[in-house]
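S.K.: Sequence and predicted model, in that order:
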Amino acid sequence: MSQLSERPEKSVVGLPMPHESAAQHVTGAALYTDDLVHRTKDVLHAHPVQVMKAHGRITALRTAPALEVPGVVRVLTGADVPGVNDAGMKHDEPLFPDEVSFHGHAVAWVLAETPEAARIGAEAVEVELDELPSVITLPEAIAADSFHGARPVMVTGDVDAGFADAAHVFTGEFLFSDQEHFYLETHAALAQIDEAGQVFVQSSTQHPSETQEIVAHVLGLHSHEVTVQCLRMGGGFGGKEMQPHGFAAVAALGARLTGRPVRLRLNRTQDLTMSGKRHGFHAEWRIGFDADGRIRALDATLTADGGWSLDLSEPVLARALCHIDNTYWIPNARIAGRIARTNKTSNTAFRGFGGPQGMLVIEDIMGRCAPLLGLDPAELRERNFYGPGQSTPYGMSVGQPERIAAVWQQVRENGELAVRRREIDAFNAAHPHTKRALALTGVKFGISFNLTAFNQGGALVLIYKDGSVLINHGGTEMGQGLHTKMLQVAATTLGIPLHKVRLAPTRTDKVPNTSATAASSGADLNGAAVKNACEQLRERLSQVAATHLGANASDVRIVEGVARALGSEAELGWDELVRTAYFQRVQLSAAGFYRTEGLHWDAKSFRGSPFKYFAIGAAAAEVEVDGFTGAYRLRRVDIVHDVGDSLSPMIDIGQVEGGFVQGAGWLTLEDLRWDTGEGPHRGRLLTQAASTYKLPSFSEMPEEFNVTLLENATEEGAVYGSKAVGEPPLMLAFSVREALRQAAAAFGPAGVSVELASPATPEAVYWAIRSARERAVQDAPRAVEALSGA
């Protein structure tokens, strides 16, 4: 077992612990960025000047009327920017644009004494626009050849030969929806300037270092003149990885120009209309199977809806291509990718980061093709699982392929699938207007950033003279429990009780040059960095203890806050050990660092080993569908998920449950709608609130929900043998969509293949049912003819 994955005796990691801020969350005591406004004096409030057209060139911007509004202090425009007027890493997102690129684009910001004065002032700003043609939907973008960014192509094997060898070849296309993050806390920033001109920004951001970088270049400063802190976020889901930077920069610019603190917080409508979503995709595909139902070749083109700027669309597309295989070996493949430029908000990271979109394509293909091959969908999937020695289409060997079958089989057994399928068959035979179905799907998700440089983490650990410990690390807390795990890692590595350790908010002046808390790598990177820092401290303290105990340092063990030497009954308490070290002038602080080894990636050839390992899971979902309305309910879900040796089982199970429900929302409920007509509101987001955008609630939760973590699953080379858990469970929800497809097909003749829209809303399920019934009607005359001929 590697040093990184080995656990000492009486570890704090692995114990089920509640979230470190759970009590504050449920009592309302937890502070978020905007709560700090009430603790800050003389705050100005920022409000956007939004232009409600999808596309156009600004010909006039008159701010004088706003300055006449009582309470308005200043209107920020592009002319006020001392540095670079851009909020993106691709330099294609002007902070104050001279061209409106989506409906609701902010072109200026009003600062006022009160939020109401800022709102009235923003309404008073006059904007004249020369309207330009707009592209709203993916099909429109494809027809108009409206694309931007890289166009990667992933090739493996001989695709033409694979199709020539195939006994069955099918083609199809698939258009599926984007998804709104709908975090509880909207985008927020609070910026202040100190007496030395230092900029301090409180930001609800998943990537403080990049927020710092963007704020600095907008203000024309160096990074050491800007400090960004993230106290905690009320949800992020990827939506706060890139997009908080511009809002923080606006607040910082306002503070710099006025000398007063500036608060920027979007209301829900602004957040929905101004911030990016999960990328919607269009897929066009051709697949070949041999006579036994094994994939021989796949040729596909994936088009991502990038919106008006690139943001993170290129790496999102890359990850989609890297995950189109999911759990299946595809020996011959040619997968092309492209990014559509549309006049909508710039789509961005969202839990899974393109992986769910790529995997949804292959799962949709398997679900549609199984009946055409005369196979049970679960059987078709199982026949195509990765085996030993097989590699992905981008050339990476799949480690631990046996876990794909292991979790699959455990779900079968835990969920008593064979018995329940017989019960479902009996139920369907007795109920012509209501059908049930049970689907089983798997997940294989790569863990690490595709860009190798991002796979590094840092930490700063401080031990005070009284024996208390303070941790700083580069990860941010958005409710996922990262801080809880870091506390457990530190306590385990130092060998002390958990109550001795406290964690400080994430700040760029404590741990510099951090990567985003994203790609499910937060615990891997920051946990290993915290462990590294604590190991340095433990080694120093072991030397001190060895001298006191009359032993070799290598024989000293610190367990539950007591240092002992092997074979000796003498002991030294932690607090006394720390005091002794202080008086011996031993350094009691350490900076930890970690870089993920073994990664390499060539973006041009689209080949390499971009991931440290794969997270594996499987889920079975049972649904019941009403044949008259398409309405359905989720009766039962059984999940087995591989998190390695869990750092914190209660946290991990919560992540599996939450990820699954969010995935089910994307695939079955959350239906973003845009005005695609040619009228004056073209490009407007129509689903601007929870009243029109349906989110998962208690009523959509499965009546029975069973989650099991795979046992004896140590991951070598990861912190204390654990695996990432943030994103992979979202894709377990494919089982719900496939169960709905099978239930709809049950209204038709045996072996019918039905297409199912995504999201599979009751309306979409109804149309799938109708399609299945139409096949039954079409097949009826043929059956009569066959009987007559007999």
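M.R.: Cool, got the structure. Numbering: from 1, shown residues only.

S.K.: My guess is Val199 contacts Glu225. True?
M.R.: Yes - counting by Cβ atoms under 8 Å, Val199 sits close enough to Glu225 to count as a contact (6.2 Å). The way it works is simple: take the backbone N, C-alpha and C, and place the C-beta from them, glycine included.

S.K.: Which one's more surrounded, these two?
M.R.: Between Val199 and Glu225, counting by other Cβ atoms under 10 Å, Val199 is the more crowded of the two (23 against 15).

S.K.: who are the neighbours in contact with that one?
M.R.: Contacts for Val199 (Cβ atoms under 8 Å, 6 or more residues apart in numbering) come out as 191-193, 215, 219, 221, 225-227, 252, 255-256.

S.K.: now swap in His222 and tell me
M.R.: Ala216 are the contacts of His222 under Cβ under 8 Å, 6+ apart.

S.K.: Ends of stretch 694-708, what's the gap?
M.R.: One end of stretch 694-708 sits 29 Å from the other (Cα to Cα, to the nearest Å).

S.K.: how far out from the middle of the chain is that stretch?
M.R.: Stretch 694-708 has its average C-alpha position 20 Å from the chain's average C-alpha position, going by Cα atoms, centre = their mean, to the nearest Å.

S.K.: so how many other residues sit close to Gly679?
M.R.: Residue crowding around Gly679 was assessed by other Cβ under 10 Å; the count is 8.

S.K.: give me phi/psi at it?
M.R.: phi -80, psi -170 (degrees, to the nearest 10).

S.K.: For it, give its distance to Val640.
M.R.: 50 Å (Cβ to Cβ, to the nearest Å).

S.K.: Arg770 too?
M.R.: Relative to Val640, Arg770 is positioned 35 Å away (criterion: Cβ to Cβ).

S.K.: Output the below-cut-off pLDDT ranges for this protein.
M.R.: Regions of the chain meeting the criterion pLDDT under 70 cover residues 1-2, 779-790.

S.K.: Now with 90, please.
M.R.: Low-confidence segments of the chain, defined by pLDDT under 90: 1-3, 569, 698-700, 775-790.

S.K.: Show the contacting residues for the residue nearest to the spatial centre of it.
M.R.: Geometric centre of the chain, nearest residue: Arg351, 1.6 Å, by Cα atoms, centre = their mean. If a contact means Cβ under 8 Å, 6+ apart, then Arg351 has 237-238, 659, 662, 726-727, 730 as its contacts.

S.K.: Give me the three-state assignment for it.
M.R.: When states are read from DSSP: H, G, I helix; E, B strand; the rest coil, the local structure at Arg351 comes out as coil.

S.K.: how close does it get to Gly659?
M.R.: Relative to Gly659, and taking Cβ to Cβ, Arg351 is found at 7 Å.

S.K.: neighbouring strands for the helix or strand hosting Arg296, and are they parallel or not?
M.R.: Here Arg296, judged by DSSP states H and E, is contained in strand 295-307. Strands that pair with strand 295-307, judged by DSSP bridges, come out as strand 281-289 (antiparallel), strand 333-341 (parallel).

S.K.: Pick the most buried one from those.
M.R.: Among those, strand 333-341 has the highest mean neighbour count (mean count of other Cβ atoms under 10 Å), at a mean of 23.

S.K.: on that earlier part again, please identify every residue contacting each of Arg351 and Gly659.
M.R.: Counting by Cβ under 8 Å, 6+ apart, the residues touching both Arg351 and Gly659 are 726-727, 730.

S.K.: Let's see if you can find the most crowded of these.
M.R.: For these, neighbours were counted using other Cβ under 10 Å, and Leu730 has the most, 29 neighbours in all.

S.K.: what's around Tyr693, how many residues?
M.R.: The number of residues packed around Tyr693, counting by other Cβ under 10 Å, is 19.

S.K.: whoops, I mixed them up, Gly481
M.R.: Residues near Gly481, counting by other Cβ under 10 Å: 27.

S.K.: Now do it against Glu763, distance only.
M.R.: In this view, Gly481 and Glu763 are 36 Å apart by Cβ to Cβ.

S.K.: and if you look at Val110?
M.R.: From Val110 over to Glu763 the distance is 41 Å, taken as Cβ to Cβ.

S.K.: higher neighbour count, the two?
M.R.: It is Val110, of Val110 and Glu763, that has more neighbours when counted by other Cβ under 10 Å, with 30 against 14.

S.K.: Any idea which of the strands paired with strand 295-307 gets closest to Ala117?
M.R.: The stretch from those with the least distance to Ala117 (Cβ to Cβ) is strand 333-341; that distance is 36.9 Å.

S.K.: Tabulate the CA atom coordinates of the helix or strand just after the closest one in PDB.
M.R.: Later in the chain than strand 333-341, the nearest helix or strand by DSSP H and E is helix 355-372. Listed in PDB are the C-alpha atoms of helix 355-372, where the atom choice follows Å, rounded to 0.1, in the frame of the first residue of the first chain:
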ATOM      1  CA  GLY A 355     -18.900  14.000 -18.900                       C
ATOM      2  CA  PRO A 356     -22.700  13.600 -18.400                       C
ATOM      3  CA  GLN A 357     -23.300  14.900 -21.900                       C
ATOM      4  CA  GLY A 358     -20.900  12.400 -23.500                       C
ATOM      5  CA  MET A 359     -22.200   9.500 -21.400                       C
ATOM      6  CA  LEU A 360     -25.800  10.400 -22.100                       C
ATOM      7  CA  VAL A 361     -25.200  10.000 -25.900                       C
ATOM      8  CA  ILE A 362     -23.900   6.400 -25.500                       C
ATOM      9  CA  GLU A 363     -26.600   5.500 -23.000                       C
ATOM     10  CA  ASP A 364     -29.300   6.800 -25.300                       C
ATOM     11  CA  ILE A 365     -27.800   4.800 -28.100                       C
ATOM     12  CA  MET A 366     -27.700   1.600 -26.000                       C
ATOM     13  CA  GLY A 367     -31.300   2.200 -24.900                       C
ATOM     14  CA  ARG A 368     -32.600   2.700 -28.500                       C
ATOM     15  CA  CYS A 369     -30.600  -0.100 -30.000                       C
ATOM     16  CA  ALA A 370     -31.200  -2.900 -27.500                       C
ATOM     17  CA  PRO A 371     -34.700  -3.700 -28.700                       C
ATOM     18  CA  LEU A 372     -33.600  -3.500 -32.300                       C
END
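
S.K.: who's in contact with the following helix or strand past helix 355-372?
M.R.: The helix or strand immediately downstream of helix 355-372 is helix 377-383, counting by DSSP H and E. Judged by Cβ under 8 Å, 6+ apart, the contacts made with helix 377-383 from elsewhere in the structure are 292-294, 327-328, 366-367, 369-371, 373, 375, 405, 408, 439-442, 738, 742.
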